[in-house]
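Engineer: just coords:
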Ligand code: PGA
């Protein structure tokens, strides 16, 4: 089996108006036009998805939704379905980001419904898991990761799992400027692979790609991406700066 390409995802969160988003997308298309051997995904806010999709068409870039509702359509005022997002060009969707879990009460059960919908729609779900600082300090990291994974992935087959991306994003590292060390990330990635393989009884070949996210920047990306256990990175703040994001992409290419 050939190793998957390194995957770099830029999560723009609730940032950038349409003009800025389009300019960033154009610059990335241009910069990546001569690059090979990497997968780069950007997750603009909903309002910019359509224009950005036109710009990145036929480029090396793919589009991700930051969130969606698990029903396809109906009386759900204010919600956006994955069918709608796929219609505008999203091949990826973040699910269970810690900001959604923390600020919007997204439960493991809701995450599970979204992941199942993504699998059904052929959209790659990027399932985010991670412990808080208190949980890490009390030695509960393994239990938290195992619970989040088993609940979020309930009912999925090994084949379904193989199509997912798992992002280990310790809550204490997201948006804080404090990143996990490569050794800490490798430990949790090994744990995630072990949980997927043994405790959830998924066959070895059904290995999802596992990313790290949490204050990834040009200064730490090389060290993280050098590790074989780390298949890529999910980048927040540093993806808003063109040169910083490109530096991270370069680290992935060098890995
Ligand atoms: P950050 O965000 O890189 O700003 O810490 C990561 C994320 O939210 O995925």
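Structural biologist: Here it is on my side, so go on. For clarity, every value in this text was computed on a predicted model and none was experimentally measured.

Engineer: can we go C-alpha only for contacts and neighbour counts from here?
Structural biologist: Noted.

Engineer: what's around residue 23, how many residues?
Structural biologist: Residue 23: 13 surrounding residues under other Cα atoms under 10 Å.

Engineer: Could you grab the helix/strand/coil label for it?
Structural biologist: helix (DSSP: H, G, I helix; E, B strand; the rest coil).

Engineer: The ligand contacts on the stretch 1-150 of the chain?
Structural biologist: residue 11 (Cα under 6 Å from any ligand atom).

Engineer: Looking at the stretch 1-150 of the chain, what residue ends up closest to the ligand?
Structural biologist: residue 11 (5.9 Å; Cα to the nearest ligand atom).

Engineer: What is the burial count for residue 26?
Structural biologist: Neighbours of residue 26 using other Cα under 10 Å come to 14.

Engineer: So it, which state does it fall into?
Structural biologist: Criterion first, three-state DSSP; result for residue 26: helix.

Engineer: Pretty sure it sits against residue 56.
Structural biologist: Yes - applying Cα atoms under 8 Å, one finds residue 26 in contact with residue 56, separated by 7.4 Å.

Engineer: any idea where the helices of the stretch 1-150 of the chain begin and end?
Structural biologist: 18-32, 46-56, 82-87, 98-104, 108-121, 133-137, 141-152 (DSSP state H, counting those that start in this stretch).

Engineer: oh, I was asking about the stretch 151-255 of the chain
Structural biologist: Using DSSP H, counting those that start in this stretch, helices in the stretch 151-255 of the chain cover 158-162, 182-194, 221-225, 242-254.

Engineer: pLDDT averaged over stretch 233-252, what's the number?
Structural biologist: For stretch 233-252, mean pLDDT is 98.

Engineer: Show me what from the stretch 151-255 of the chain comes close to the ligand.
Structural biologist: Taking Cα under 6 Å from any ligand atom, the part of the stretch 151-255 of the chain that reaches the ligand is made up of 173, 174, 175, 213, 214, 215, 216, 234, 235, 236, 237.

Engineer: same thing but 5 Å
Structural biologist: Counting by Cα under 5 Å from any ligand atom, the positions of the stretch 151-255 of the chain adjacent to the ligand are 174, 175, 214, 215, 235, 236, 237.

Engineer: Looking at these, which are in strands?
Structural biologist: Judged by DSSP state E, those include residue 235 as members of strands.

Engineer: okay, and the helix or strand of this protein with the least pLDDT?
Structural biologist: Ranked by mean pLDDT, DSSP states H and E, the weakest helix or strand in the chain is helix 158-162, scoring a mean of 88.

Engineer: Quick check: the gap between residue 126 and residue 86.
Structural biologist: 15 Å (Cα to Cα, to the nearest Å).

Engineer: for residue 114, that is, sorry about that
Structural biologist: When residue 114 is compared with residue 86 (using Cα to Cα), they lie 14 Å apart.
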